[in-house]
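> structure, please.
(one chain, ligands or ions: 1)
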Amino acid sequence: MSALILDGTKTACQIRAELQAEVSSMQIKPKLVVVLVGDDPASKVYVGMKEKGCREIGMLSEKHVLPGNTPEAALLALIDRLNADPSVDGILCQLPLPKHISEHNVLERIAIQKDVDCFHPMNVGYLATGNPFVKPCTPAGVIEIMKRHSITMKGAHAVVVGRSNIVGKPLAQLLLAEHATVTICHSRTNDLPAVCRSADILCAAIGKPEIIKGDWIKKGAVVIDVGVNRVDDASLPKGYKLVGDVAYNEASQVASYITPVPGGIGPMTIAMLLSNTLELHKKRISL
Ligand code: NDP
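Predicted coordinates:
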């Protein structure tokens with residue numbers, strides 16, 4: 001068996017085209033503000049991709065780059081200004097933040113109506129009770145790619161490996177909302193391979209290169225690989241390659257569908273961010 005590839009690049013491209021069509025008919029364009037503190041190279045790349053995404057579909061974007069030694073109070077003051085700015089629909093503070101800044105304080109300061117990532121504790125609560133302002137981008141991207149490939153979640157046993165606030169836990173909530181039966185695993189789970197083998201839908205959000213092997217996967221399962229890991233490879237121009245949490249070649253012999261890394265959930269995450277910005281804009285102007 002050779003799995004069908006869930007092509008995130010192609011699916012995200014379709015979503016962006018739909019968003020572009022909607023945005024082009026709007027007189028006032030939605031606006032996303034991205035705040036970057038410090039000069040982490042990976043964060044800079046992610047922020048650049050988000051800005052480019054906005055531009056390509058005709059949305060407005062604004063970037064605030066602050067030095068790595070910015071005091072927490074200065075960052076909170078910027079967020080207060082953005083919260084009060086009526087032209088801003090979505091605010092995103094790129095993580096990770098420098099160690100001297102409390103992530104909790106920053107995420108809690110973003111107005112819930114502008115919390116484009118759904119990281120504010122109140123929005124996390126709304127997500128748990130079923131009615132968030134918007135859904136968190138990466139988990140929403142996982143659900144969307146399955147929906148667009150007519151994968152049945154209802155009744156399926158979904159195993160999520162990883163319990164972070166950003167991916168694992170909210171993904172479990174969204175799968176539950178799709179009527180999957182959900183198991184969440186983590187670093188202390190007993191016999192992880194056996195739990196994975198029981199999954200109809202296996203979602204990996206671990207951050208460990210190719211830890212999930214082909215023989216951990218049930219024949220015909222859907223495999224969603226959220227992980228993005230850099231692995232040194234001197235033969236490549238950049239000196240590294242990106243791999244997921246799943247041993248892709250082995251897994252694709254067993255699974256029915258699989259997301260590649262790169263080109264799977266990464267582009268879907270950006271598409272969902274743009275979609276969320278539009279959603280928040282529509283909610284704001286309808287108030
Ligand atoms: P975190 O480090 O916050 O969480 C990792 C989770 O994996 C934890 O719950 C941890 O368990 C669990 N874990 C670690 N080791 C093992 C193990 N050996 N067996 C089972 N579980 C284990 O990572 P994130 O959730 O933020 O990200 C996960 C991955 O997804 C990363 O590779 C990240 O780069 C990627 N990512 C990709 C995105 C995209 O757009 N494609 C967006 C966001 C993240 P415990 O809680 O017990 O420590």
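
> list the buried residues for stretch 133-150?
Residues of stretch 133-150 classed as buried: 133-146 (neighbour count, 16 or more other C-beta atoms under 10 Å). Every C-beta, even on glycine, is put in place using the N, C-alpha and C of the backbone.

> dump it to PDB, restricted to CA.
Provided in PDB are the C-alpha atoms of stretch 133-150 (Å, rounded to 0.1, in the frame of the first residue of the first chain):
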ATOM      1  CA  PHE A 133     -13.800  33.500  18.400                       C
ATOM      2  CA  VAL A 134     -11.500  31.600  16.000                       C
ATOM      3  CA  LYS A 135      -9.800  28.200  16.100                       C
ATOM      4  CA  PRO A 136      -6.100  27.900  16.800                       C
ATOM      5  CA  CYS A 137      -4.200  27.900  13.500                       C
ATOM      6  CA  THR A 138      -2.200  24.700  13.400                       C
ATOM      7  CA  PRO A 139      -5.000  22.400  14.800                       C
ATOM      8  CA  ALA A 140      -7.500  24.100  12.500                       C
ATOM      9  CA  GLY A 141      -5.200  23.400   9.600                       C
ATOM     10  CA  VAL A 142      -5.200  19.700  10.600                       C
ATOM     11  CA  ILE A 143      -9.000  19.500  10.600                       C
ATOM     12  CA  GLU A 144      -9.300  21.500   7.400                       C
ATOM     13  CA  ILE A 145      -7.000  19.300   5.400                       C
ATOM     14  CA  MET A 146      -8.900  16.200   6.500                       C
ATOM     15  CA  LYS A 147     -12.200  17.800   5.700                       C
ATOM     16  CA  ARG A 148     -11.100  18.900   2.200                       C
ATOM     17  CA  HIS A 149     -10.000  15.300   1.500                       C
ATOM     18  CA  SER A 150     -13.400  13.900   2.800                       C
END
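
> just the CA trace of the helix ranked longest in the chain, in PDB.
For the chain, the longest helix by residue count, based on DSSP state H, is helix 265-286. Listed next in PDB are the C-alpha coordinates belonging to helix 265-286 (Å, rounded to 0.1, in the frame of the first residue of the first chain):
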ATOM      1  CA  ILE A 265       0.500  21.200   8.000                       C
ATOM      2  CA  GLY A 266       3.000  24.100   7.800                       C
ATOM      3  CA  PRO A 267       1.300  25.800   4.800                       C
ATOM      4  CA  MET A 268      -2.100  24.900   6.200                       C
ATOM      5  CA  THR A 269      -1.200  26.800   9.400                       C
ATOM      6  CA  ILE A 270      -0.500  30.000   7.500                       C
ATOM      7  CA  ALA A 271      -3.700  29.600   5.500                       C
ATOM      8  CA  MET A 272      -5.700  29.300   8.700                       C
ATOM      9  CA  LEU A 273      -4.000  32.400  10.100                       C
ATOM     10  CA  LEU A 274      -5.200  34.400   7.100                       C
ATOM     11  CA  SER A 275      -8.700  32.800   7.400                       C
ATOM     12  CA  ASN A 276      -8.800  33.800  11.100                       C
ATOM     13  CA  THR A 277      -7.800  37.400  10.400                       C
ATOM     14  CA  LEU A 278     -10.700  37.600   7.900                       C
ATOM     15  CA  GLU A 279     -13.100  36.000  10.400                       C
ATOM     16  CA  LEU A 280     -12.100  38.400  13.200                       C
ATOM     17  CA  HIS A 281     -12.500  41.300  10.700                       C
ATOM     18  CA  LYS A 282     -16.000  40.200   9.800                       C
ATOM     19  CA  LYS A 283     -16.900  39.800  13.400                       C
ATOM     20  CA  ARG A 284     -15.500  43.200  14.300                       C
ATOM     21  CA  ILE A 285     -17.400  45.100  11.500                       C
ATOM     22  CA  SER A 286     -20.600  43.300  12.300                       C
END
